[in-house]
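Got a predicted model here, sequence first, then my questions.
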Amino acid sequence: MEAWWPKKFACVSDEPIYLLDMALHPAGAASAASCSDLALRLYDQATLQLVGECRGHISRVCGLTFAHARHDLLYSASEDGTVRAWDVRRPGGTAAQVFRGDRTHSFCSFDLSCGDVLLCAGTSLVDEDSLLMFWDSRKPNTVPLGVYSESHSDDITQVRFHPHDKDRLASGSSDGLVNVFDLRRGSEEEALLCTCKDDSAAVSVCWAEADGSHLLCLSPDEGLRLWDLRQLDTDRPLAVFSCPDVRHLELVPGGRRLDYLVGGAWLEGAGKLLVVGGDKGGDVCLMECDGDGLHLLASLHGGHTATVRCFVWDEVRGMLITGGEDARLLLWKPGGGEDNENSPAFKLKWRPHVIVQIQK
């Protein structure tokens, strides 16, 4: 039987570091983390051993994703106004490509289309303008193809391409709007398919369901909304579930409540919309969100000691990787060994299998 206690590794830096965002290699070979010291750290996905770093950004990284087909490419966007493509086979080198915006706008969000062709970054608000900027990843000229400038009136905090439709894009903003675009339709006005309104800012947007027909939106005051876009041409409301503040819900046994939400992810294999939250002590809650509300799947204890900022779900291995303000990167597995391998993962006790402490 496999021992469950964590293996520990450490890498050295000059200042305290915490993790901001994470991305998972599509083939399961590696994971990447953006850190507060502006570095992109690459880890072996199975062991979380550090295998390299990429450096070049001079401001906070606001988006991170691997290419879907060319698995050797990692894309990152930063408040420094650049999107960079890195060849992860040669960590430590300079960026393979640098995509630039204009000199006045910094980036707040970023994503890459499922076809690996279109890049999109959302900008901060400057002089009443917040922009969606687009680039073609195949072109050597890395200036934008074009911009959308009329659909948001504040910082564009999230952009998410549809998981299966390369021309479908959702954008969320501090103005409380989540817009859905069909990029095949010429002008910005024609491309805007619908606008979903939130009572607060949108800080996280996630496509859900196997056909990508639902949108999950999280707000900075720990609110959550789930919209069904199939209801656009009906008289039924778009929102199939709405909670203005999940901190008031009794989800955790023993009377404890959530302090914050981290984000959401659609789990293809399980057919679930996973929502991750936690408390200030470092405990993590895995929840399912559907039209009936939020349902606790599992509570994860004994790993983090501070707020968790990011996570990725390893669909192939059924594992979770989390990173937080305690400068820890954790790999979680359900159960303790092979005896449990045929049991439903969310019915088992989750334990930290590997802990990486990023320290001074």
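Yep, that arrived.

Just to be sure, residue 158 is in a helix?
No - counting by DSSP: H, G, I helix; E, B strand; the rest coil, one finds residue 158 to be strand, located in no helix.

Residue 282 contacts residue 299, correct?
No - counting by Cβ atoms under 8 Å, no contact exists between residue 282 and residue 299, whose distance comes to 11.8 Å. (Glycine included, C-beta is placed from N, CA and C.)

Could you pull up the contacting residues of residue 309?
Residue 309 makes contacts with 18-21, 262, 323-325, as judged by Cβ atoms under 8 Å, 6 or more residues apart in numbering.

which element is it on?
Using DSSP states H and E, the element containing residue 309 is strand 308-314.

Strand 308-314 and the helix or strand that that strand is followed by, what's the angle between them?
Toward the C-terminal end, the helix or strand that comes next after strand 308-314 (DSSP H and E) is strand 319-324. With axes from the mean of the first three to the mean of the last three Cα atoms, to 10 degrees as the basis, strand 319-324 and strand 308-314 are set at 160 degrees to each other.

and stretch 238-254, which residues are buried?
Of the residues in stretch 238-254, those buried by neighbour count under the rule 16 or more other Cβ atoms under 10 Å are 238-243, 246-247, 249, 251-252.

what's the spacing between it and its chain's center?
For stretch 238-254, the distance between its averaged C-alpha position and the chain's averaged C-alpha position is 21 Å (Cα atoms, centre = their mean, to the nearest Å).

same thing with stretch 72-91?
Per Cα atoms, centre = their mean, the displacement of stretch 72-91 from the mean C-alpha position of its chain is 16 Å.

That stretch: which residues count as buried?
Going by 16+ other Cβ under 10 Å, stretch 72-91 has these buried residues: 73-88, 91.

and if you look at stretch 150-170?
Using 16+ other Cβ under 10 Å, the residues of stretch 150-170 that count as buried are 151-152, 154-163, 165-170.

For it, measure first residue to last.
Using Cα to Cα, to the nearest Å, one end of stretch 150-170 lies 15 Å from the other.

Could you report the neighbour count for residue 69?
The number of residues packed around residue 69, counting by other Cβ atoms under 10 Å, is 10.
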